[in-house]
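In: I would like to see how this sequence folds:
(chains A, B and C)
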Amino acid sequence: MKSTTTTIDVSVSERWSYADLTEELERAIKDSGVTDGAAVAFCAHTTCALLINEWEDGALADFRRRVQQLVPEEMYYAHDDLERRTQNLAESHERQNGHSHVKSMLLSASSHAIPVAAGEPMFGRWQRLILFEMDEPKDRQIVFHVFGE
Amino acid sequence: MKSTTTTIDVSVSERWSYADLTEELERAIKDSGVTDGAAVAFCAHTTCALLINEWEDGALADFRRRVQQLVPEEMYYAHDDLERRTQNLAESHERQNGHSHVKSMLLSASSHAIPVAAGEPMFGRWQRLILFEMDEPKDRQIVFHVFGE
Amino acid sequence: MKSTTTTIDVSVSERWSYADLTEELERAIKDSGVTDGAAVAFCAHTTCALLINEWEDGALADFRRRVQQLVPEEMYYAHDDLERRTQNLAESHERQNGHSHVKSMLLSASSHAIPVAAGEPMFGRWQRLILFEMDEPKDRQIVFHVFGE
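Out: Residues are numbered from 1 along each chain as shown, chains lettered A, B, ... in the order given. Presented below is the predicted three-dimensional model:
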């Protein structure tokens, strides 16, 4: 039984963009020496998400548009109301990202568990591991925990 | 390789409220003796959810409001139509909670897998494990399975 | 420490229908010989989802209707715009399933991690593992990775 944890740093260049992390996941699995087991992919943040889907620009644009419609930016968010808010205000400049928190909770995509066989994630033909940034571009940490034989 | 399963009982006092379970998760990890590995957090119910996000009252209120708008209570739910429904009617008084089931499936947040390092969940700065009750307050069981070295 | 990976083939007979995979999961756990541990259930596709909820026809119909309203089929999807699209066009006949990709990313339900005790998934009374087909009926592979003592 082997087990390894790897943290990678990633950031996207502009708002609302995506990053394909499939090769980083594959490398973490290779480096772990695990051939049969599973991998946990974990997003250590509250305003971005890890998706497993197809990397096709049209589908990713469709999804972004729909998420923006379901959780519009242009409405009142108590999280951004500095006249009312009292908690977690340590940062010098508080971002207006209430909508990003709501989107993140709606997707509930902080973690995935992916079976591993022959040293590869058992992804279907079109599946990719994708970071979806829903806040201003910033440094993000993604954790891979790989375990098995 | 160690592995422990812990079940905790939790209930919120009023409808649509949240409970912060981060300390319970941390305790389950400590008690397991695992320093490096992962933890599964599992919600054994069909009308509540486990979120990983920031505990900030405004953001949690924003999310609750948006979920209520996306899946309104005040509409027809076949699940609550006792003139049509035939399945799973064992309970003496059937709750009107069709909307809670739909919300729960939309969030799809029954389980999370969280890497563990140095005996702690590898949460980012603002991440907390949060129970979101979408039904009347009732006794809930949350399961933590911790495994690793 | 034992660990086994099983892939099952499943397909539904008509569009927008569900398949109860709880018995298949239970069988994979039994066959693994694991009595205490956890199971990963993984959907190796980009236009269907694995839900954990109650199998009650009304609730499942309610959910399907709501998902269709939140992500309507009858609108423009860049994924289906063959005049613009350039990626992943290997198939002879490209399906019009942009809406299915968006639904799949919104649910973010490719994987679940389920604790196992006494050789059974630790499901609550009403929980079932359910495949939700959001595309034309097709052959689907679901992977179960079971690990523990």
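In: OK, contacts around residue A:66?
Out: By C-beta atoms under 8 Å, 6 or more residues apart in numbering or on different chains, residue A:66 lies in contact with C:71, C:102, C:106. The C-beta positions use only the backbone N, C-alpha and C, and glycine is treated the same way.
In: Can you check what angle separates the lengthiest helix in chain A from helix C:57-70?
Out: When every helix of chain A is counted residue by residue (DSSP state H), the longest turns out to be helix A:57-70. If you take axes from the mean of the first three to the mean of the last three C-alpha atoms, to 10 degrees, helix A:57-70 sits at 100 degrees to helix C:57-70.
In: what's in contact with whichever helix or strand comes after helix A:57-70?
Out: Downstream of helix A:57-70, the first helix or strand assigned by DSSP states H and E is helix A:98-107. Identification of contacts with helix A:98-107 by C-beta under 8 Å, 6+ apart yields A:46-49, A:51, A:67, A:70-73, A:75, A:77-80, A:110, A:132, A:134-135, B:51, B:53-54, B:56, B:58-59, B:62-63, B:66-67, B:70, B:106-107, C:105-106, C:108.
In: Flag every buried residue along helix A:98-107.
Out: A:98-107 (16 or more other C-beta atoms under 10 Å in any protein chain shown).
In: Run the chain-centre distance for that helix.
Out: 12 Å (C-alpha atoms, centre = their mean, to the nearest Å).
In: near chain B, which residues of chain A?
Out: Residues of chain A lying close to chain B (C-beta under 8 Å from any C-beta of the partner chain) are A:1, A:3, A:5, A:7, A:40, A:42, A:44-46, A:70-71, A:77-81, A:84-85, A:87-88, A:98, A:101-102, A:104-106, A:108, A:110-113, A:141, A:143, A:145, A:147.
In: Kindly state the pLDDT recorded for residue A:144?
Out: Note on residue A:144: pLDDT of 98.
In: The closest residue to it other than its chain neighbours and residue C:147: what is the separation?
Out: Distances taken as C-beta to C-beta, 6 or more residues apart in numbering or on different chains place residue A:28 nearest to residue A:144, at 4.0 Å, with adjacent residues excluded. Shown here: residue A:28 relative to residue C:147, a distance of 18 Å by C-beta to C-beta, to the nearest Å.
In: for residue A:47, same thing?
Out: For residue A:47, the distance to residue C:147 - C-beta to C-beta - is 32 Å.
In: What of residue A:48?
Out: 29 Å.
In: Poorly predicted segments of chain A, please.
Out: Within chain A, the stretches with pLDDT under 70 are A:90-94.
In: farthest residue from the center of it?
Out: residue A:83 (30.7 Å; C-alpha atoms, centre = their mean).
In: so who does it touch?
Out: Contacts of residue A:83 were listed using C-beta under 8 Å, 6+ apart, and none were found.
In: can you give me phi and psi for it?
Out: Torsion angles at residue A:83 (phi, psi; degrees, to the nearest 10) stand at phi -80, psi -20.
In: what does the one 4 residues further on give?
Out: Summarising the backbone geometry of residue A:87 under the convention degrees, to the nearest 10, its torsions are phi -100, psi 150.
In: Chain neighbours aside, what residue packs nearest to residue A:148?
Out: residue A:37 (1.4 Å).
In: how many neighbours does the one you found have?
Out: Residues within reach of residue A:37, counting by other C-beta atoms under 10 Å in any protein chain shown, total 23.
In: contacting residues for it?
Out: The contact partners of residue A:37, taken as C-beta under 8 Å, 6+ apart, are A:2, A:115-116, A:146-149, C:3, C:145, C:147.
In: Give the phi and psi angles for residue A:121, as a check.
Out: According to degrees, to the nearest 10, residue A:121 has phi -60, psi 140.
In: before we move on, back to that, mind checking how far the residue farthest from the centre of chain A is from residue B:60?
Out: 18 Å.
In: again, but for residue A:145
Out: Taken as C-beta to C-beta, the span from residue A:145 to residue B:60 is 28 Å.
In: Between those two, tell me which one has more neighbours.
Out: For the pair residue A:145 and residue B:60, the greater number of neighbours falls to residue A:145 (28 against 24), based on other C-beta under 10 Å.
In: For whichever strand or helix holds that one, C-alpha coordinates in CSV please.
Out: Element membership of residue A:145 [criterion: DSSP H and E] is strand A:140-148. C-alpha atoms of strand A:140-148 as CSV (Å, rounded to 0.1, in the frame of the first residue of the first chain):
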residue,chain,number,x,y,z
ARG,A,140,-4.6,28.5,-6.2
GLN,A,141,-3.5,25.3,-4.6
ILE,A,142,-4.9,21.9,-5.8
VAL,A,143,-4.1,18.8,-3.8
PHE,A,144,-3.8,15.3,-5.2
HIS,A,145,-3.8,12.4,-2.8
VAL,A,146,-3.0,9.1,-4.5
PHE,A,147,-3.3,5.7,-2.7
GLY,A,148,-3.2,2.1,-3.6
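In: That strand pairs with which strands, parallel or anti?
Out: strand A:2-10 (antiparallel), strand A:37-43 (antiparallel) (DSSP bridges).
In: Among those, show me which one is buried the most.
Out: Each of those was scored by mean neighbour count; the highest is strand A:37-43, a mean of 27, by mean count of other C-beta atoms under 10 Å in any protein chain shown.
In: what packs against the helix or strand just after that one?
Out: Using DSSP H and E, the helix or strand that follows strand A:37-43 in sequence is strand A:48-53. Using 3 or more C-beta pairs under 8 Å, 6 or more residues apart in numbering or on different chains; DSSP states H and E as the contact test, the elements touching strand A:48-53 are strand A:37-43, helix A:57-70, helix A:98-107, strand A:111-117, strand A:128-133, helix C:98-107.
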